[in-house]
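Q: let's see this in three dimensions:
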Amino acid sequence: MSIKKNKKIKNFWKKYENKVILFLGVFLVAMISFQLGILQGQKWQQDPLVIEKVPDKYMTEFKSVLGESSENNSKKESLSVDNVGNDKSLEKNKECVLVGSKNSNKYHNMSCQWSSRIKAENRVCFKDAEGAKSKGYVPASCIK
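A: Alright, predicted model coming up:
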């Protein structure tokens with residue numbers, strides 16, 4: 001039996017020698033390339049981005065969305081188109097429910113993603129929708 005197996009193996013090897021060697025060569029090249037890619041990826045791996053402190057600008061907007069009272073709650077300012085300003089005036093005023101831009105005719109909720117993108121110097125603050133509409137502003141898509 002073992003002699004027949006040896007002959008079968010020799011015949012198989014003679015018939016498929018080139019194909020087996022080609023397959024093994026391609027397989028080895030693929031494995032080496034894969035391993036090199038893993039090593040290269042580990043070398044390029046960066047440390048994760050860690051945000052240690054939230055900027056005050058975003059924290060005040062977050063607090064206004066939650067409805068936390070400010071220190072100067074008794075002394076509120078009313079903003080109009082003429083009293084457009086910086087973030088300090090918006091922080092002091094909790095009546096600023098809607099915000100618009102000098103460069104646009106739309107107004108947004110303070111929680112809307114687009115309101116946070118309006119530059120401080122271009123912000124226009126409104127107490128309610130009627131005030132915004134009276135100044136020629138129309139509701140944005142974030143207002144339902």
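Q: helices of the chain, start to end?
A: For the chain, the helices defined by DSSP state H occupy 2-44, 56-66, 87-92, 129-134.
Q: a markdown table for those, including mean pLDDT, mean neighbour count and distance to residue 116?
A: C-beta: built from backbone N, CA, C; applies to glycine. Shown next, in a markdown table, are the helices of the chain (pLDDT from 0 to 100; neighbours: other C-beta atoms under 10 Å; distance: least, C-beta to C-beta, whole Å):
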| stretch | mean pLDDT | mean neighbour count | distance to residue 116 |
| --- | --- | --- | --- |
| helix 2-44 | 89 | 10 | 33 |
| helix 56-66 | 70 | 13 | 6 |
| helix 87-92 | 46 | 16 | 11 |
| helix 129-134 | 88 | 16 | 18 |
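Q: the spatially most central residue of the chain and residue 142, how far apart?
A: Closest to where the C-alpha atoms of the chain average out (C-alpha atoms, centre = their mean) is residue 113, at 11.7 Å. Separation of residue 113 from residue 142 (C-beta to C-beta, to the nearest Å): 7 Å.
Q: do the same with residue 22
A: Residue 22 is 62 Å from residue 142, where distance means C-beta to C-beta.
Q: cool, residue 4 as well?
A: 82 Å.
Q: look up how far residue 53 lies from residue 129.
A: 35 Å.
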